[in-house]
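Visitor: can't give you the sequence, but here's the structure:
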């Protein structure tokens, strides 16, 4: 366990206005009103056909670790962010409400009620920022990753974007990519923290360090064995492949190509390897790939893809547009929940009321609609309800191994109409139906 | 101090191949060769006229805290990432070399040698990933932020994108935005960790929580005083502004508009506020702003901008393309440095040799070229050299207050040709000249 997992206070990963609202509500008495907040998105990124929910497991940790430490409270006092009453509330803060929602790895659509947080206004409002940070980032990565693993067919895809992302975001990106079907990551912290398989052998610097490419390959084989992957594009590709097989023998594990026209080069290198008898040596490609480049390589003799920048930046969509909205609240402390919604002419409207959601299948079992309602659940939809309990009376009940989310994602994606994994721009692959309450 | 700042091991924020290269180099004997790595970028994001270096201060912390803990070492052993010799090396690891580079907040251009890391191959190679993660992310945010503060003229710009970024990346984004001239952030952890001013009052949920908008405004004023900012677009804007001034009086601090046609609404609200006698009440706008929207509001009666999504996603360019390349190394442990460079036909070439850089001014003192060389520095460029020492023999010597980087950025930007801050797509505003060695 590193420091972050061992002492992970998440309490200040919070917009200041959450705490000032809390203070004003404590003073007005409204803080104790039972409230329901909903995480949803009004739209998918332009052209995307489905979203992928990731980060739920991290949200559970973040809520559990939403505890204010003494130095944090002292700082809030010193900066006069909130008053003494509010500081006392924060010092004792534990979330005691309920959270349910879509399980991690599920697909989603505009209007899907992804997470429902229910408690007093005071305890629920201050979780907004950290919950949205986690879900918006992790889901953006998972959505891109899912398109990449779909494009790769059965070939393994490796996450190697740490250097192009914030150093801690990179760890979560590796996790989200794994949920969406990636095989491994280059990021050691992601292995250490989340148990994701790690991989990697050498960079161009290793070849440049030695007096010759042959020396470098010899050193690498001596250290890692002939099953290793040799990087063959530092100088002349053809010569490097010949040297690689001379040094390692035909049992060489793999070669990696990191620049150039990968389709062309993969064919050329495959031919050369086969001629040298290295018929079992795999070819890994890793240069600025995205889902389109992966798809374009489908007919090339490639055995694995490494994806960096485009994965950790969500392939053009580095965040989601998820929001955390108050959809119902009681007007007296013990009173019944009443739906509420913003209704300004300027847009950003929301739909009031606590919601359920179900994915309705057609006769063949393929998803045909995301049905969202606030009233009673129609009997035929009961088996298809999407929400699972995540936190009950403040206790986490929805924790699961990461592999479960990964399996769920592949299953959920397979349950969508075939056009879901088309890479071209399109509409959400199923419609969202809002049932009147 | 929170957990991350108190116990910040950065050692596993590292691609696995750094450690496998280390192991192979320890075994081949090349690990002890004196080496020079350089951080640079081959290009700016398409259309951008200058880059902004941010994250240097965080790099210094990351290098200082690049220490392997026992649980980390046990995990590396358990996973057989590296062998026993390498584990012993890592257990004692301290960077003992030198780092110099552009100071934080400086502008940069393609080919600028942003950071030079010099030491043994072993000690320098394993810093690659964490250094690139920090600089690529923080500089992407700072570049977008700089365009936004330039577009805003003298009006304050507030960072409020935490919910649209990874929760820890958000803290660094707030820091980078501050370097590039932002006034404040919504993110409390950024205030706590980096001393950046924090701000924020209330969201739509606060209005929806109460039985009426009037109740909500009354509660907010009671808690925060009339100097607060009231959010006026939950229901009807016109009515909300009237209610706001009724409740707070004409001394109301500010109103915030978070949706709709902001130019139109700002004019309308200004007129209404003035008619109500609230001539000193400021107007803050916050809906999906980027540098173009900020510029479009220049003639509107707006007193401040809040920027979220587009700031934390780098306004279309969420990362930089900085790389960390071996540019020189000795071929014997005590021998002279020799330039090295990748020269594959596939692109991604680099320029060998340890470099200096200077920004040459024209007769008026405006920058006209970024001059980069590996040979002796021409005397007339001596006063314009850009590198500063950051780490000397393993000791951090380049730490500075964040305000210094912020001032430097505004000064450096002001020293560029006027076209630097044009928002339209263009070429780098000055050329990079590579002097032959």
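Guide: Arrived safely, thanks for sending. What you are looking at is a predicted structure, and each value in this text was computed from that prediction instead of being measured. Numbering: from 1, shown residues only, chains lettered A, B, ... in the order given.

Visitor: thinking in terms of the whole chain, how far from its middle is stretch A:406-413?
Guide: Relative to its chain's centre, stretch A:406-413 lies at 13 Å (CA atoms, centre = their mean, to the nearest Å).

Visitor: which residues sit against it?
Guide: Residues outside stretch A:406-413 that contact it (CB atoms under 8 Å, 6 or more residues apart in numbering or on different chains) are A:50, A:52, A:103-107, A:142, A:146, A:150, A:178-181, A:420-421. Quick note: C-beta positions are derived from backbone N, CA and C, even for glycine.

Visitor: Repeat the analysis, applying 6 Å as the threshold.
Guide: A:105-107, A:179-181 (CB atoms under 6 Å, 6 or more residues apart in numbering or on different chains).

Visitor: go on, stretch A:113-125?
Guide: A:18, A:21-22, A:25, A:31-33, A:35-40, A:53, A:95, A:97-102, A:108, A:355, A:357, B:209.

Visitor: what mean pLDDT does it have?
Guide: Stretch A:113-125 comes out with an average pLDDT of 98.

Visitor: Can you get me the start-to-end distance on that stretch?
Guide: Chord length of stretch A:113-125, first to last residue, is 17 Å (CA to CA, to the nearest Å).

Visitor: Over to stretch A:185-197?
Guide: Using CA to CA, the end-to-end distance of stretch A:185-197 comes to 6 Å.

Visitor: for chain A, which helix is longest?
Guide: helix A:128-151 (DSSP state H).

Visitor: which strands and helices sit next to that one?
Guide: The helices and strands touching helix A:128-151, judged by 3 or more CB pairs under 6 Å, 6 or more residues apart in numbering or on different chains; DSSP states H and E, are strand A:51-52, helix A:56-64, helix A:167-179, helix A:291-296, helix B:167-179.

Visitor: what's the following helix or strand after the second one?
Guide: Sequence order places helix A:70-78 as the next helix or strand after helix A:56-64, per DSSP states H and E.

Visitor: List the buried residues in that next one.
Guide: For helix A:70-78, burial by neighbour count (16 or more other CB atoms under 10 Å in any protein chain shown) applies to A:72-73, A:75-76.

Visitor: could these go into a markdown table alongside distance to chain B?
Guide: Formatted as a markdown table, these follow (distance: CB to the nearest CB, whole Å):
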| residue | distance to chain B |
| --- | --- |
| A:72 | 7 |
| A:73 | 11 |
| A:75 | 5 |
| A:76 | 8 |
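
Visitor: Would you reformat the residues you listed as JSON lines and include pLDDT?
Guide: Listed next are those as JSON lines, based on pLDDT from 0 to 100:
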{"residue": "A:72", "pLDDT": "98"}
{"residue": "A:73", "pLDDT": "98"}
{"residue": "A:75", "pLDDT": "98"}
{"residue": "A:76", "pLDDT": "98"}
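
Visitor: Include distance to residue A:239 when you put the residues you listed into a markdown table, please.
Guide: Output for these, formatted as a markdown table (distance: CB to CB, whole Å):
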| residue | distance to residue A:239 |
| --- | --- |
| A:72 | 59 |
| A:73 | 64 |
| A:75 | 60 |
| A:76 | 63 |
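
Visitor: returning to that earlier point: hmm, which two among the contacts of stretch A:406-413 are most spread apart?
Guide: A:106 and A:181 (13.9 Å; CB to CB).

Visitor: Which of these two has more residues huddled nearby?
Guide: Each of residue A:106 and residue A:181 has its neighbours counted (other CB atoms under 10 Å in any protein chain shown); residue A:106 has more, 25 against 22.

Visitor: Show me chain A divided up by domain.
Guide: A:3-126+A:322-435, A:142-316 (automatic domain parsing).

Visitor: and the ones you listed, which is most packed in?
Guide: domain A:142-316 (a mean of 22; mean count of other CB atoms under 10 Å in any protein chain shown).

Visitor: what distance separates the start and the end of that domain?
Guide: Its first and final residues considered, domain A:142-316 spans 13 Å by CA to CA.

Visitor: shaky segments in the stretch 251-400 of chain A?
Guide: Counting by pLDDT under 70, the stretch 251-400 of chain A has low-confidence residues at A:344-349.

Visitor: mind listing the helices for it?
Guide: If DSSP state H, counting those that start in this stretch is used as the criterion, the helices of the stretch 251-400 of chain A fall at A:262-275, A:291-296, A:309-312.

Visitor: and the stretch 51-200 of chain A, which of its residues are near chain B?
Guide: Proximity of the stretch 51-200 of chain A to chain B is confined to A:71, A:75, A:121, A:129-130, A:132-134, A:136-137, A:162-164, A:166-170, A:172, A:186, A:188-189, A:192, A:198, A:200 under the rule CB under 6 Å from any CB of the partner chain.

Visitor: any idea of the mean pLDDT in the longest helix of chain A?
Guide: For helix A:128-151, mean pLDDT is 98.

Visitor: ok, now stretch A:402-416?
Guide: Across stretch A:402-416, the average pLDDT comes to 98.

Visitor: now stretch A:90-107
Guide: When pLDDT is averaged over stretch A:90-107, the result is 98.

Visitor: Then stretch A:199-210?
Guide: 96.

Visitor: and for that stretch, what are the contacting residues?
Guide: Contacts for stretch A:199-210 (CB under 6 Å, 6+ apart): A:158, A:184, A:186, A:213, A:216, A:220, A:228-229, A:231, A:234, B:15-17, B:20-21, B:30, B:121, B:326, B:329, B:340, B:342.

Visitor: Just the endpoints, please. Distance across that stretch?
Guide: Taking CA to CA as the criterion, the two ends of stretch A:199-210 lie 23 Å apart.

Visitor: what's the nearest residue to residue A:431 if we skip its chain neighbours?
Guide: Using CB to CB, 6 or more residues apart in numbering or on different chains and skipping residues adjacent in sequence, the residue nearest residue A:431 is residue A:369, 5.5 Å away.

Visitor: residues contacting the one you found?
Guide: Each residue near residue A:369 by CB under 6 Å, 6+ apart is listed here: A:360, A:430-431, A:433.

Visitor: Dump these to JSON lines, plus secondary structure.
Guide: As requested, the contacts of residue A:369 are exported to JSON lines (DSSP: H, G, I helix; E, B strand; the rest coil):
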{"residue": "A:360", "secondary structure": "strand"}
{"residue": "A:430", "secondary structure": "coil"}
{"residue": "A:431", "secondary structure": "strand"}
{"residue": "A:433", "secondary structure": "strand"}
